[in-house]
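Student: Fold the following, please.
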Amino acid sequence: MNELSQIRQGAFAPANTADMAEAMIAGTGLRIEIDRRRGRGAAINTSGRFEPISRELEDDGWNSLEELPVFKTEVQVEKPRSIISRNDSPDIPFDRSVNPYRGCDHGCIYCFARPTHAYMGLSPGLDFEAKLFAKPDAAKLLERELAKPGYKVRPIAIGTNTDPYQPIEKEWRIMRQILEVLKAADHPVMIVTKSAMVMRDIDILAPMAEKGLAKVGLSVTTLDRKLARLMEPRASTPSKRLEAIKALSEAGIPATVMMSPVIPALNDHEIERVLDSGRTAGATQASYVLLRLPLEVSPLFRDWLLRNYPDRYRHVMSLVRSMRGGKDYDAEFGKRMKGAGPYAWQIGRRFELAAKRLGLNVGKRPLNCDLFVPPLGTGVQLSLL
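Tutor: As a prediction, this is how the structure comes out:
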């Protein structure tokens with residue numbers, strides 16, 4: 001009996017968090033029916049880790065589960081007191097970021113931001129994709145924080161947690177308002193997205209880039225449309241992301257092709273093709289991040305892998321653990337982005353050789369922090385000069 005058959009027949013018990021996905025396959029009732037979650041990345045919606053009790057669906061014999069509604073995107077307004085988040089991580093190239101939204105209906109199954117939904121009393125599974133939070137006051141808060149006396153300029157990163165150009169941005173337009181504030185203040189910004197919607201704001205980003213104030217990274221995880229649809233169900237197609245790189249580049253906006261994440265035995269064979277396609281589209285920089293499976297992301301990804309690529313499950317997870325010290329994830333600084341061990345080393349060398357061959361990552365220029373003019377935000381004392 002192979003591992004998948006054993007899992008489906010209940011031979012494995014959920015001994016720890018890493019084994020939860022296998023238990024879900026064994027019929028614990030945690031899997032949401034496909035008609036209710038169609039178009040979503042996750043198939044489960046377990047309670048957040050901070051909840052005092054755990055809930056799961058169970059039919060009462062009257063086909064009650066058939067009456068439950070489908071998961072539709074719901075947006076609540078969040079009113080934070082501040083909008084700039086700061087960090088002192090040694091392995092990321094920024095010390096501050098802005099997140100216009102909490103949660104993301106792109107539905108990327110591997111998203112390392114999923115566990116943050118637990119802080120809202122929600123599930124990192126389907127809730128993360130369907131119950132979103134928008135911050136409509138973000139631009140006003142940003143203007144106020146930039147206007148504070150003693151503010152020291154450093155590039156602000158946007159899109160490092162959830163995507164600022166996820167579909168609800170079409171209606172809320174919070175990201176555009178933020179860019180308008182940054183443009184008016186000549187403040188540098190770096191954007192990460194996997195959405196072609198970024199092309200909408202070229203009219204703002206191009207003048208900023210001309211002053212050395214803006215650059216954009218497009219995450220292109222695969223060129224396989226089927227894999228992309230399964231892995232990132234509501235994100236732009238790979239061809240649309242490459243189209244966005246081309247449009248940004250032609251407008252004079254520095255573009256980076258980002259292969260994030262690299263998943264062993266699933267998309268790592270595409271490293272050279274992705275970089276080559278990004279360079280052809282006009283990207284001048286490239287980067288990658290190894291698959292990260294913190295907290296609830298691990299069982300969610302395992303469940304997804306068993307549903308869509310059962311024949312690769314054991315191989316993928318074996319390689320993941322070989323690069324994470326025998327675990328699904330290692331959060332240690334210096335290792336969490338690139339991993340460790342022979343297979344991780346091989347991925348790194350392949351990436352470096354491909355980037356060098358294509359002339360990527362040559363002559364990096366830091367964003368300009370010398371042009372900043374503090375905005376005259378609400379409550380700021382005007383100058384007497």
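Student: From here on, just use CA atoms for contacts and neighbour counts.
Tutor: Fine.
Student: Pass me the low-pLDDT residue ranges in the stretch 51-200 of the chain, would you?
Tutor: Within the stretch 51-200 of the chain, the segments meeting pLDDT under 70 span 57-67.
Student: how about the strands of it, start to end?
Tutor: 74-77, 84-86, 96-98, 101-102, 131-134, 156-158, 189-193 (DSSP state E, counting those that start in this stretch).
Student: Not counting the fifth one itself, show me its contacts.
Tutor: It stands for strand 131-134. 73-78, 100-105, 172 (CA atoms under 8 Å, 6 or more residues apart in numbering).
Student: rewinding a little: okay, the strands of the stretch 51-200 of the chain, which one's buried deepest?
Tutor: Stretch with highest mean neighbour count among the strands of the stretch 51-200 of the chain: strand 101-102 (a mean of 26; mean count of other CA atoms under 10 Å).
Student: Name the strands paired with that one and say parallel or antiparallel.
Tutor: strand 131-134 (antiparallel) (DSSP bridges).
Student: Check the burial of L142 by counting its neighbours.
Tutor: 19 (other CA atoms under 10 Å).
Student: Setting the sequence-adjacent residues aside, check what's closest to it.
Tutor: Nearest residue to L142, sequence neighbours excluded (CA to CA, 6 or more residues apart in numbering): I83, at 6.1 Å.
Student: list the contacts for the one you found?
Tutor: 98-99, 138, 141-142.
Student: likewise L205?
Tutor: So L205 contacts 179, 214, 253 (CA under 8 Å, 6+ apart).
Student: just those residues now: which is nearest I156?
Tutor: A214 (9.7 Å; CA to CA).
Student: And for the closest one, the neighbour number?
Tutor: 30.
Student: Repeat that for T46.
Tutor: 20.
Student: hang on, it in a strand?
Tutor: No. Counting by DSSP: H, G, I helix; E, B strand; the rest coil, T46 falls outside a strand, being coil.
Student: contacting residues around it?
Tutor: Neighbours of T46 in contact, by CA under 8 Å, 6+ apart: 30, 54-56, 123-125.
Student: Find me the pLDDT at it, would you?
Tutor: Looking at T46, its pLDDT reads 88.
Student: Tell me the confidence at T378?
Tutor: In this model, T378 is scored at 54, pLDDT.
Student: Can you tell me, leaving aside adjacent residues, what's nearest to T221?
Tutor: Closest residue in space to T221, ignoring its immediate chain neighbours: M259 at 4.9 Å, by CA to CA, 6+ apart.
Student: any idea of the mean pLDDT in the helix or strand where the one you found lies?
Tutor: In the assignment (DSSP states H and E), M259 maps to strand 255-262. On average, the pLDDT along strand 255-262 is 97.
Student: Then stretch 322-342?
Tutor: 95.
Student: contact partners of it?
Tutor: Residues contacting stretch 322-342 (CA under 8 Å, 6+ apart): 18, 89-91, 289-294, 298, 317, 320-321, 343-344, 348.
Student: Can you select the buried ones from the residues you listed in PyMOL?
Tutor: Of these, the buried ones go into a single PyMOL selection, burial set by 16 or more other CA atoms under 10 Å:
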select buried, resi 18+289+290+291+292+293+294+298+317+320+321+344+348
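Student: So which of the contacts of stretch 322-342 are in helices?
Tutor: Judged by DSSP state H, the contacts of stretch 322-342 include 298, 317, 320-321, 343-344, 348 as members of helices.
Student: that older thread, what is the mean pLDDT for whichever helix or strand comes after the strand holding M259?
Tutor: Heading C-terminal from strand 255-262, the first helix or strand you meet, by DSSP H and E, is helix 271-281. The pLDDT scores in helix 271-281 average 98.
Student: The stretch 1-150 of the chain: helices as residue ranges?
Tutor: Using DSSP state H, counting those that start in this stretch, the helices of the stretch 1-150 of the chain run over residues 3-8, 20-25, 34-37, 126-130, 138-146.
Student: which strands and helices sit next to the longest one?
Tutor: What it means is helix 138-146. Packing partners of helix 138-146 (3 or more CA pairs under 8 Å, 6 or more residues apart in numbering; DSSP states H and E): helix 174-184.
Student: got the angle for the helix it packs on vs strand 189-193?
Tutor: 160 degrees (axes from the mean of the first three to the mean of the last three CA atoms, to 10 degrees).
Student: With just CA atoms, put helix 174-184 into CSV.
Tutor: Only the C-alpha atoms of helix 174-184 are listed here, as CSV (Å, rounded to 0.1, in the frame of the first residue of the first chain):
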residue,chain,number,x,y,z
ILE,A,174,-6.2,52.5,-2.0
MET,A,175,-2.8,51.6,-3.6
ARG,A,176,-3.2,54.4,-6.1
GLN,A,177,-4.0,56.9,-3.4
ILE,A,178,-0.8,55.8,-1.5
LEU,A,179,1.3,56.3,-4.7
GLU,A,180,-0.1,59.8,-5.1
VAL,A,181,1.0,60.7,-1.6
LEU,A,182,4.5,59.2,-2.2
LYS,A,183,4.8,61.0,-5.6
ALA,A,184,3.8,64.4,-4.1
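Student: Kindly spell out which helices and strands sit in contact with that helix.
Tutor: Using 3+ CA pairs under 8 Å, 6+ apart, the elements in contact with helix 174-184 are helix 138-146, helix 202-210.
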